[in-house]
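Got a predicted structure here, sequence first:
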Amino acid sequence: MEEVRLMKGNEAIAEAAIRAGVDGYFGYPITPQSEIIEYLMLEQPHLRTGMQVLQAESEVAAINMVYGAAGCGKKAMTSSSSPGISLKLEGISYIAASELPCLIVNVQRGGPGLGTIQPSQADYFQAVKGGGHGDYRLLVLAPASVQEMADFVDLSFELAFKYRTPVMILSDGVIGQMMEKVVLPPQKERLSNEELIKKYGSWATTGKPASRERNIITSLELKSERQEAHNHKLQAKYKEISENEVRFEKLNCDDAEYLIVAYGSSARISQKAMQIGREKGIKVGVLRPITLWPFPSDEINKLADQVKGILTVEMSAGQMVEDVRLAVNGKIKVEYFGRYGGMIPSPNEVIEALEQKLIGG
Amino acid sequence: MAEILTPEEIIKQGEPVFVKTKLMTDNTLSYCPGCGHGVAHRITMEVLEEMGIGDQTIGVAPVGCSVLAYEFMNIDMQQAAHGRAPAVATGIKRLFPEKYVFTYQGDGDLAAIGTAETIHACNRGENIVIIFVNNGIYGMTGGQMAPTTLEGMVSSTSPHGRDVEMMGSPIKMTEMVATLPGVCFATRQAVHKPGLVRKAKKAIRKAFENQKDKKGTSIVEIVSNCNSGWKMTPVDSNIWLEENMLPVFPLGDIKG
Ligand SMILES: Cc1ncc(C[n+]2csc(CCOP(=O)(O)OP(=O)(O)O)c2C)c(N)n1
Ligand code: SF4
Ligand SMILES: [Mg+2]
């Protein structure tokens, strides 16, 4: 049954995970996302759905627990914040290479190093360009509301299993901590072991019956020709994802002369900045990438034929701006505005930056 | 007068002396001739076959010489990142508690890079079996010093012998984890002599029986040779093992 509640973004992810029929959550506490594991521990989902929750000894262990569970065809997830995600990258590379479906949530905080517990979007490169070693991609979803924190859990698993690939929800401390109204989805049944074997028995390690060859989860291939062939297979999958899974939202873009590109909480701030700009008579629209990889490059390229200039707004020192410039390919001016290290830009700062960097400049 | 039988007739009539378990594949082992890994693999798989649980077992291979264990063990297997096998096994066992789960790890994997994963899986009493092949060296990467390398022992990264002042003493992980309540069975075995192979197999059987009875973590250490890494003939390496490894790593049950 659908249910309306007032929740923190982190709590919404946790509740949505139970309702998505997740089999296992493995995590290690870190601010600003500890409410996810705290909510799960309090809620005791093993009593509701049989979902297992375990506090691991480290983020390294947690992601490897996810690897083991996902290798069995189970719905497994972990969550962390920036320093913890750095520790998970080895495991994420193995998961991508071994083609395992799973969900990784990053509620970003400011860095580098131990940084700050305040919100940030400075892990964009890490999320969309790989982060770990080797040629792999994460499918990255960027929620901009508590509602999307909840909605993207089930969507992540749908995509993860469709492509047998790890999916990341790249959120930040603003969305993780803020409270909003959220419509929770109805409860999905967890798969029984019989159903699981029927669906994923062709690859998952579920115990080898006499009727099939053994299933092996591995990323090792010592023969270079075969390792290259495996990489070809991964690249073909990434191409398919790029062609089919781009998601974005456009606000007031039809008559726009200027465009702001922003995701997550920066998109919420930019939306307010857009209103202020419109009141001032500036025809500005917002494009909000929902998938950061694959990136809505084609749409941005199309809009570059219409608008005079683009401003990216990010809580980083300027990361996504590189992808926007690649998409625009020099057609028009692309500028960046951001605050970082835990600082959050205000809508007025955004519209001032747009005026200075694009209209005045 | 008795007939003189041809060898073919003898083989047809008699009981086979040795039958390879069906839970080992026909792939040629990648191990150096004389290495203990092959025997450790075989007796593990024989135990699974004798218990009739090969189809319910998921093995976890480490990074080390046994990284390709899944090429030889004819069961469903996962290959884990270096040192992470106990965490991978935890993920499997927590969500598939009715399956049998084991890790197969070297000393570098289990006692250096994977120390945290090993200790915490044991401390949680994960209901798994850990097979720990201790050859006192990093075999796979060409014979570097391991946490279990003996004092004074020469390796490629301790070319003048392990200096315990600088590098500490060989670590006894099995004794260490035996202190944890989650561990129900901790034992040290060897496989360089037929009698010891039989004992080691019994210990592995006990470990899987423990898992069946949901008793917690069982760790079976196997002190093994690495003739290539030690730069010895297989025979010499086994003598060296007796004379040098066993005094530091004495055989027998430590707990349970
Ligand atoms: C993260 C990481 N660091 C280092 C290595 C290189 N490496 C591969 S195997 C190994 C040591 C293996 O030694 P051990 O666990 O004792 O196994 P053995 O080969 O002796 O059986 C090392 C250091 C690696 N693969 N991954
Ligand atoms: S290098 Fe050592 S441990 Fe590895 S297979 Fe050869 S003898 Fe065995
Ligand atoms: Mg070794």
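In hand now; what should we look at? Remember, predicted model here, so these are calculated numbers, not experimental data. Ligands and ions are numbered 1, 2, ... in the order given.

got the contact list for residue B:155?
Residues near residue B:155 by Cβ atoms under 8 Å, 6 or more residues apart in numbering or on different chains: B:137, B:138, B:143, B:144, B:145, B:146, B:149, B:162, B:229. Any C-beta I mention is one placed from the backbone N, CA and C, and that applies to glycine too.

That one: what's its closest spatial neighbour, skipping adjacent residues?
Nearest residue to residue B:155, sequence neighbours excluded (Cβ to Cβ, 6 or more residues apart in numbering or on different chains): residue B:145, at 4.3 Å.

And the pLDDT at the residue of the stretch 101-250 of chain B found nearest chain A?
Using Cβ to the nearest Cβ, the closest approach of the stretch 101-250 of chain B to chain A is made by residue B:120 at 3.9 Å. Per-residue confidence (pLDDT) for residue B:120: 98.

my guess is it meets residue A:64, correct?
No: applying Cβ atoms under 8 Å, one finds residue B:120 not in contact with residue A:64, separated by 11.5 Å.

Mind telling me what element the residue of the stretch 101-250 of chain B closest to chain A is part of?
Using DSSP states H and E, residue B:120 maps to helix B:115-123.

Ok, residue A:310 next?
Judged by DSSP H and E, residue A:310 forms part of strand A:309-314.

State the distance from the closest residue to the residue of the stretch 101-250 of chain B closest to chain A other than its chain neighbours to ligand 2.
Sequence neighbours aside, residue A:57 is the residue nearest to residue B:120 in space, at 3.9 Å (criterion: Cβ to Cβ, 6+ apart). Between residue A:57 and ligand 2 the distance is 28 Å, computed by Cβ to the nearest ligand atom, to the nearest Å.

same check, this time on residue A:193
In terms of Cβ to the nearest ligand atom, residue A:193 sits 37 Å off from ligand 2.

List the contacts of that residue.
Contact partners of residue A:193, counting by Cβ under 8 Å, 6+ apart, are A:206, B:96, B:98.

can you pull the pLDDT of the last one?
It refers to residue B:98. On pLDDT, residue B:98 comes in at 97.

In this structure it contacts residue B:58, no?
No: when contacts are counted by Cβ under 8 Å, residue B:98 is not listed as touching residue B:58 (11.1 Å).

More neighbours: which of the two?
Neighbours were counted for residue B:98 and for residue B:58 using other Cβ atoms under 10 Å in any protein chain shown; residue B:58 has more, 28 against 8.

before we move on, back to that, which members of the contacts of residue B:155 occur in helices, if any?
Counted as lying in helices by DSSP state H, out of the contacts of residue B:155, are residue B:229.

Please indicate which of the contacts of residue B:155 are buried?
Neighbour counting by 16 or more other Cβ atoms under 10 Å in any protein chain shown classes B:137, B:138, B:143, B:144, B:145, B:146, B:149, B:162, B:229 among the contacts of residue B:155 as buried.

separation between the third one and residue A:318?
Applying Cβ to Cβ, to the nearest Å, one obtains 47 Å for the distance of residue B:143 from residue A:318.

The fourth one too?
Note on residue B:144: its distance to residue A:318, by Cβ to Cβ, is 42 Å.

Could you check which residue of chain A lies nearest ligand 1?
Relative to ligand 1, the nearest point of chain A is residue A:90 (6.7 Å; Cβ to the nearest ligand atom).

Name the helix or strand for that residue, please.
Per DSSP H and E: helix A:82-97 holds residue A:90.
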